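Student: Sequence first, predicted model second:
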Amino acid sequence: MFSPMNKPISDWKNQRIWIIGASSGIGAALAEQALKAGAHVVLSARNAAQLQLVAQSSTCAYVVPFDVTNQAAWTTAYQQTQQHLAKIDLIIFCAATYQPELSWEINATSADRTLRTNLGAVYTGLATVLPDMVAQGGGGIAVIASVAGYFGLPNASVYGPTKAALINLTEILYSDLHPKGLNVYLINPGFVKTPLTDRNTFTMPALQTPEQAAAAIWQGMSAGRFEIHFPRRFTQVMKLLQLLPYRWRFFLLERFLKTS
Ligand SMILES: NC(=O)c1ccc[n+]([C@@H]2O[C@H](COP(=O)([O-])OP(=O)(O)OC[C@H]3O[C@@H](n4cnc5c(N)ncnc54)[C@H](OP(=O)(O)O)[C@@H]3O)[C@@H](O)[C@H]2O)c1
C-alpha cells in the first residue's frame, strides 16, 4: 500500500560498507553476512586482533582499527576507508558501551565514557562522512539504537538516554537526508546475546543470537524499511508500553520487574 521509506537494496554484491563496531556481537555478524553476500566491508573498532579474526575469511574485508571517542582518529580512519572502498554506500554506527546501573549507582567517569562512545562519536562520524555523502547524492546511514531508547528503563541510567537521543537524531537525519537521496535506517534491536548484554544479571526475554539480529537488519534494509526492530514479538510489546499513559506504564513495569 505504501512505498518503502528507503530505496530497497536488491543486491549486496559489491556494496561498499563501513561498519563501526565490527569486532564482536551484532557488528561482527553484520560484517560476516555482508562479506558472504559479496560486499566490500571496512571493519572498525579498537581491538585490531579481533577485527582481523572477523575479516580473515574474505579478501573483500579491510581492517581499520580506531577509538571512536578520539575525534582526530575519525579523520585518519575515514581516509583509510576511502582508500579501501573509494566511495561509501553504507555506514553503520554500531559501536557502543553499556554499564548496567541504577540511578544512585551512576559514576561520572563511566557516564562520560558511555555518552562519548554511544552518542558523541556518532556526531563526530556524521560530521566526517556526511559532507561527501550529501555531495554524492546517495548512500546510506544506519544507526543502531535500541528498544531501551523507547522509554526510561531501570538499570540503563546512562545507556538508555544515549539510545533515546539516537532515535531522535536518526529521525532528524531521515528528514534532512531522504530528500537529498540518502537512505537512513533506525535499527532498534531487542535483546541479543553479545559481550554487551553478558553484563545483564536478569533473564532477557526473547533473546536472539547476533546472527539472527544481523539477518533481520539486512532483511529490513533490503526491503527499504526506515525503522528495523526485532524480534517483533518483543518490540511490539515495548511499542505498546511506550504509548500508555505514564501511570499505567510505571504500574506495569513495576509489576513485571517484580515478578520476573
Ligand atoms: N546486544 C543487545 O541486546 C543490543 C540491544 C539493542 C541494541 N544494541 C546495540 O547494538 C550495537 C552492538 O552491540 P553488541 O550487543 O553487538 O555489543 P558488543 O558485542 O559489545 O559490540 C560493541 C562494539 O562496539 C565497539 N566499541 C566499543 N567502544 C568502542 C570505542 N571506543 N571505539 C571503537 N569501537 C568501540 C566494540 O569493539 P572494541 O571493544 O574492539 O572497540 C564492539 O565491536 C550497540 O550499539 C548496542 O547498543 C545491542
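Tutor: The structure has been received and is ready for your questions.
Student: Excluding sequence neighbours, find me the nearest residue to the closest residue to the ligand within the chain.
Tutor: Closest contact between the chain and the ligand, by CB to the nearest ligand atom, is at Gly25 (2.1 Å). For the C-beta atoms, the positions are set from N, CA and C on the backbone; glycine is no exception. Counting by CB to CB, 6 or more residues apart in numbering, Gly25 lies nearest to Thr194, which is 3.1 Å off, once chain neighbours are set aside.
Student: And for that neighbour, the neighbour number?
Tutor: 19 (other CB atoms under 10 Å).
Student: Correct me if wrong: it contacts Ser24.
Tutor: Yes: contact criterion CB atoms under 8 Å: Thr194 and Ser24 qualify, at 6.4 Å.
Student: now the helices for this protein?
Tutor: 25-36, 48-55, 71-85, 108-115, 121-136, 159-177, 210-222, 232-243, 246-259 (DSSP state H).
Student: Switch those helices over to CSV; also include mean neighbour count and mean pLDDT.
Tutor: Supplementary listing: these in CSV, determined by neighbours: other CB atoms under 10 Å; pLDDT from 0 to 100:
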stretch, mean neighbour count, mean pLDDT
helix 25-36, 23, 98
helix 48-55, 18, 98
helix 71-85, 16, 98
helix 108-115, 14, 98
helix 121-136, 17, 98
helix 159-177, 18, 98
helix 210-222, 19, 98
helix 232-243, 14, 96
helix 246-259, 11, 86
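Student: Tell me the residues on this protein that lie near the ligand, please.
Tutor: 21-27, 45-47, 50, 67-69, 94-97, 117, 144, 146, 189, 191-192, 194-197 (CB under 6 Å from any ligand atom).
Student: ok, of those residues, which come out buried?
Tutor: 21-27, 45-46, 50, 68-69, 94-97, 117, 144, 146, 189, 191-192, 194, 196 (16 or more other CB atoms under 10 Å).
Student: Only C-alpha atoms, please: export stretch 248-258 in CSV.
Tutor: The C-alpha atoms that make up stretch 248-258 are tabulated as CSV, following Å, rounded to 0.1, in the frame of the first residue of the first chain:
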residue,chain,number,x,y,z
TRP,A,248,-0.2,2.6,33.6
ARG,A,249,3.2,2.1,32.2
PHE,A,250,5.0,2.6,35.5
PHE,A,251,2.4,0.3,37.1
LEU,A,252,3.0,-2.5,34.6
LEU,A,253,6.8,-2.1,34.6
GLU,A,254,6.9,-2.3,38.4
ARG,A,255,4.7,-5.4,38.4
PHE,A,256,6.7,-7.1,35.6
LEU,A,257,10.1,-6.3,37.0
LYS,A,258,9.0,-7.6,40.5
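Student: Number the chain from 4, please
Tutor: Noted, 4 is the first residue going forward, which turns the last one into stretch 251-261.
Student: can you give me the offset of it from its chain's centre?
Tutor: In terms of CA atoms, centre = their mean, to the nearest Å, the centre of stretch 251-261 is set 28 Å apart from its chain centre.
Student: Any chance you could list what contacts it?
Tutor: Phe154, Leu156, Pro157, Leu244, Gln245, Leu247 (CB atoms under 8 Å, 6 or more residues apart in numbering).
Student: Now the two most distant members of those.
Tutor: Pro157 and Leu247 (16.6 Å; CB to CB).
Student: Next up, the contacts around Ala226.
Tutor: By CB under 8 Å, 6+ apart, the contact set of Ala226 is Pro7, Pro11.
Student: Could you rerun that using 6 Å?
Tutor: Pro11 (CB atoms under 6 Å, 6 or more residues apart in numbering).
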